[in-house]
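Participant: next comes the sequence, and after it the predicted model I'd like to discuss.
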Amino acid sequence: MEKTIKDYLVDALDDLSSENLKKFKSKLCDRKVEPRVRRGNVEKLDYTMELADLLINTFTTRSAVHVTMEILTAIGCNQVAEDLKRDTESDGSAPQPQVQNNSVTAPQPEVQDSAVPAPQRSAAVATTPPGSYDQPDTSAALIPSSLEFKQAILREQGQKIYPVLDKAARKRLALLINNVEFDHEDMKRNGAQRDEENMEKLLRGLGYDVVKRTNLSGQEMDEAIKSFAGRKEHAESDSTFVVIMSHGKRDAILGVHYGVNNPNDVLPVDSIYSHLNSENCPALINKPKVILIQACRGGENGKVWVADSEPDQLWNMESDVWEHKEKDFISLLSCTPDTKSYRHKLNGSLFIGFLVEVFNANANKDDIEELFRQVMRRFEEFGMLKQMVCKDRTTLLKLFYLFPGL
């Protein structure tokens, strides 16, 4: 079987003595260049394979080799570094690193999820200095819920919690749309592939089969959501996730053909709710529907006119069976209206990164609204780049616990 980059990294780490491996871990934690690795995540690793996974998850497969060679050289393991360089270069998998002051550097975060026309895109690049903020940590594994916790919370909360079907019987589905490549080359969403990987891994860990679509026009996104809403599996499910990642403006998500000459290639956000509401998706009535949107929001401000027309006549109506047209939704958007959403060229967006970090650590014990609050607090603590996620059109009537693993 042909060796992978991970195999070469493991081989290099296995060549180190116990003392040099400790030096390697310490030097890795001491790096001041973004993305940085938390000491606690390194110290708990017992095997070189786990360390190789951490390197790849943090720096991407392509950059992990160069970071490893940098550290090996710094601790005096020059021969191991040379062997790793030779093996990966002969394999053709490792590109040349960007070197600055003898250290490997990752590209800086950029703003490319807004509705900025392509010719103006270069003005939207963030210039945050490296090492000045704590980036999302998506390397940790999703912590499963314990059966004892689930039984206890169900006893305490009872009817206040959305029912969760048995793992063996349910058929959970999630839709993941990721627009990366656009007609305008400088609208390419570098780093969005990492978001897709992290989000898919999280959704599958939460028990959802993931329907993935990439590089869609506005109409194709609309058709994908409509088709997803009609899936028969929803009748045997207890919830769903719809995740859309693209460029955007205030009330719409941009398709891959969007541009000055094609300004109508968009998906109105309203269409997502329309396709999944009680009328058009009856299989998901009374079941949580989670909408996650990673995209900038531009355009108009938050003012709204309220009509003072005569209210609808609701008196003397005959009783009948009915459902609220829009109910049991909860949405988290990557930024507030009129603001931008930040994404790293290699490591993906802050929104997906912080969301995955929070869910991995706390979905085993917190309901989804509390998890969303933790994501919001994560942005508040972050501070360096002014971005704040926000909940929108939340109509959950009960607590939604994901109970990962159960």
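Facilitator: Sure thing, it's come through. Residues are numbered from 1 along each chain as shown.
Participant: list the buried residues for stretch 142-154?
Facilitator: By neighbour count on 16 or more other C-beta atoms under 10 Å, the buried set for stretch 142-154 is 142-143, 145, 150, 153-154. Placement of C-beta: from N, CA and C, glycine included.
Participant: for the strand or helix carrying His275, buried residues please.
Facilitator: Element membership for His275 (DSSP states H and E) is helix 269-276. Residues of helix 269-276 classed as buried by neighbour count (16+ other C-beta under 10 Å): 269, 271-276.
Participant: longest helix of this structure?
Facilitator: helix 48-74 (DSSP state H).
Participant: just checking, what packs against the next helix or strand after that helix?
Facilitator: Toward the C-terminus, helix 48-74 is succeeded by helix 78-91 as the next helix or strand (DSSP H and E). Under the contact criterion of 3 or more C-beta pairs under 8 Å, 6 or more residues apart in numbering; DSSP states H and E, helix 78-91 touches helix 5-14, helix 48-74.
Participant: okay if I get those as TSV plus distance to Gly205, mean neighbour count and mean pLDDT?
Facilitator: Listed next are these as TSV, based on distance: least, C-beta to C-beta, whole Å; neighbours: other C-beta atoms under 10 Å; pLDDT from 0 to 100:
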stretch	distance to Gly205	mean neighbour count	mean pLDDT
helix 5-14	20	20	90
helix 48-74	14	21	87
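Participant: what's the closest of those helices to Thr395?
Facilitator: Judged by C-beta to C-beta, the one of the helices and strands packed on helix 78-91 that comes nearest to Thr395 is helix 48-74, at 35.3 Å.
Participant: coming back round to it: dump the helices and strands packed on helix 78-91 to CSV, plus distance to Phe228.
Facilitator: As requested, those are exported to CSV (distance: least, C-beta to C-beta, whole Å):
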stretch, distance to Phe228
helix 5-14, 33
helix 48-74, 29
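Participant: to Ala295, which of those lies closest?
Facilitator: Here helix 48-74 is closest among the helices and strands packed on helix 78-91 (C-beta to C-beta), at 22.4 Å.
Participant: summarise which helices and strands the longest helix of the chain is packed against.
Facilitator: Partner elements for helix 48-74 (3+ C-beta pairs under 8 Å, 6+ apart): helix 5-14, helix 18-30, helix 39-43, helix 78-91, strand 103-104.
Participant: right, and the helices and strands packed on helix 78-91 - which one's nearest Lys25?
Facilitator: helix 48-74 (7.3 Å).
Participant: just the helices in the stretch 301-406 of the chain please.
Facilitator: Shown for the stretch 301-406 of the chain, the helices assigned by DSSP state H, counting those that start in this stretch span residues 350-362, 368-382.
Participant: and the nearest residue to Ser334 once chain neighbours are set aside, what's its pLDDT?
Facilitator: What sits nearest to Ser334 in space, not counting adjacent residues and going by C-beta to C-beta, 6 or more residues apart in numbering, is Phe351, at 3.7 Å. Model confidence at Phe351, given as pLDDT, is 94.
Participant: sounds good, over and out.
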